[in-house]
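[1] Predicted model follows, preceded by the sequence.
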Amino acid sequence: MSLELLMLGNVPVPQMVDRAKLAERSGYDAVWVADERFYREVYASLAVLALNTERIRLGTCVTDPYARHPALTVTGYSMAIGTAFYLPFAWRWIDAVSWRHVSTSAWTALIFSALLALCFAYVIWYTALQRIGNTRTAVYSNMVPVAGLLVAWLGYGEPIGAMKGVGAALVLIGVVLTRL
């Protein structure tokens, strides 16, 4: 018989971490976090719990398939697993950063990147999946390098050489051909 704890995301994250650590010390086998739309985001909460526990199993209690696209659930798990895999390799550099000396503009850029590039982009991506399907949406993922090229040119004045122009043109031609 296993002993497992269910938590709602209705308390501050440090309190969730304390509860998960207590459960782990007390011999619990697993901690489940409810995926409720009115509480804290479940996958971010699980990531923080994973960073602060050692052996206890973690997971979502229930995910509402109508409120959350299944692909988002898979993405959340793959990001958590990927983070757990890469963190031991990256820890040396993360630990070497003097966090107090990071400039305000760097923090602003990080927040902007997280909100716009990650959150907003995922909303667009999953909305497209729902509306036009996965096959047609996947074609547009080829536009990412073209968008990056345009942002670098417009925002940073990076020159667009002949090879980059040809590459962008081939991507655009490929997208157009798949639409026919």
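    Received it, and whenever you're ready, just let me know what you need. Residues are numbered from 1 along each chain as shown.
[2] just the strands in the protein please.
    Counting by DSSP state E, the chain has strands at residues 4-7, 30-33, 57-60.
[3] which one of those lies closest to Met143?
    strand 57-60 (31.8 Å; Cβ to Cβ). For the C-beta atoms, the positions are set from N, CA and C on the backbone; glycine is no exception.
[4] Show which residues not belonging to the closest one make contact with it.
    Contact with strand 57-60 is made by 20, 29-35, 42-43, 46, 49-50, 73, as judged by Cβ atoms under 8 Å, 6 or more residues apart in numbering.
[5] Same question for stretch 146-159.
    Ile160, Lys164, Ala168, Val171, Leu172.
[6] For this protein, give me the ranges with low pLDDT.
    64-69, 71-72 (pLDDT under 70).
[7] hmm, try it at 90
    Along the chain, segments meeting pLDDT under 90 span 1-2, 8-12, 34-47, 51, 59-88, 90-100, 107, 109-158, 174-180.
[8] How is it partitioned into domains?
    Per automatic domain parsing, the structural domains of the chain span 1-96, 102-132, 136-180.
[9] how long is the shortest one end to end?
    Right, the one you point to is domain 102-132. Using Cα to Cα, to the nearest Å, one end of domain 102-132 lies 42 Å from the other.
[10] try the longest one
    Between the opening and closing residues of domain 1-96 there is a gap of 44 Å (Cα to Cα).
[11] could we number from 50 for the rest of this?
    Okay, residue one is now 50; in that scheme the one you just asked about reads as domain 50-145.
[12] can I get the contacts of strand 106-109 in TSV with distance to Arg185 and neighbour count?
    What follows is the contacts of strand 106-109, written out as TSV (distance: Cβ to Cβ, whole Å; neighbours: other Cβ atoms under 10 Å):
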residue	distance to Arg185	neighbour count
Ala69	41	24
Asp78	43	14
Ala79	39	15
Val80	39	24
Trp81	36	17
Val82	34	25
Ala83	34	17
Asp84	28	21
Val91	29	25
Tyr92	26	19
Leu95	32	23
Leu98	37	22
Ala99	35	18
Thr122	22	16
